[in-house]
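Peer 1: Build the 3D model from these lines:
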Amino acid sequence: MILAIDTASTLCAACVWDTDASRELGRCVEDIGKGHAERLMGIIDAALAAAGKTYSDITAIAVSVGPGSFTGIRVGVSAARGLALALNVPAYGVTTLSAIAEAAWQKFPDRRVIAAIDAKRDELYVQDYAPDGSLTAGPVIVLHADAAQLDAQPSPILAGSGAGILAAALGIDSCDMVDIDATTADIAIYARLAAAGRVANSPPSPLYLRGPDARPQGSFALPRKAGG
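Peer 2: The predicted structure follows:
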């Protein structure tokens, strides 16, 4: 059983995922804006109750590690690591961008997907995936002014709250956008990705991309137009 936690956006979410049956057993999701630290354990308890399970049934923890809300990510990662230690189970970090991309593939399979979250300050969080699901580039921060230089071929599906900004920069039709308000994905997607081993890190650590806790992403460079 995987307990999945997401606090990277305004949502405070948890679900219990049966890895043997590949299905969700129970969840609790609230759009709280702020105050994740105060609500998270209650949300987890409600998800366990909905699933008819207890902490002793949990064999792994999955948590969204960002990019997203600095405080929310810190709360979720800290809770996941603490629970994993107390339960003596592994914990896995899943990025919000990979979860958003996975949601896009459910609607548009076998397509290139660029997941983009509006990071404010005229910046986007971006991650680029090939049609086979492999990571092509990212995660990185891209300035709005530089977005037009990204390679738009093969034509991608744009997903996430930054999709509209990226589409305008690249001249991509709106029909190629999905989940344009999303800053995270459905909580079950985090559990599914963890169950499939498609994780960012273990034990989980925050992916901030900006600020004092950001780490250089020198090994990643988004594909640019020829001559760009």
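
Peer 1: tell me the contacts of the residue positioned nearest the centre of the chain?
Peer 2: Centroid-nearest residue in the chain, with CA atoms, centre = their mean: T96, separated by 1.2 Å. Shown in contact with T96 (CB atoms under 8 Å, 6 or more residues apart in numbering): 8-9, 64-68, 117, 125, 183-185. C-beta: built from backbone N, CA, C; applies to glycine.

Peer 1: quick one: which of those residues has the most company?
Peer 2: Neighbour counts for the contacts of T96 (other CB atoms under 10 Å) peak at S64, which has 35 neighbours.

Peer 1: Test my guess that that one contacts Y190.
Peer 2: Yes. With contacts counted by CB atoms under 8 Å, S64 reaches Y190, the gap being 5.8 Å.

Peer 1: Next, show the common contact partners of these two.
Peer 2: Residues touching both S64 and Y190 (CB under 8 Å, 6+ apart): 5-6, 94, 99.

Peer 1: ranges for the helices of the chain?
Peer 2: Taking DSSP state H, the helices of the chain run over residues 36-51, 70-87, 96-107, 163-170, 187-195.

Peer 1: so which of those helices gets nearest S205?
Peer 2: Nearest to S205, of all those, is helix 70-87, at 6.6 Å by CB to CB.

Peer 1: And that closest one, what does it pack against?
Peer 2: strand 2-6, helix 36-51, strand 60-64, strand 91-94 (3 or more CB pairs under 8 Å, 6 or more residues apart in numbering; DSSP states H and E).

Peer 1: got CSV for the ones you listed, with distance to R121 too?
Peer 2: Below are the helices and strands packed on helix 70-87 laid out as CSV (distance: least, CB to CB, whole Å):
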stretch, distance to R121
strand 2-6, 23
helix 36-51, 22
strand 60-64, 21
strand 91-94, 24
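
Peer 1: among the ones you listed, which is nearest P204?
Peer 2: Closest to P204 of these is strand 91-94 (CB to CB; 3.1 Å).
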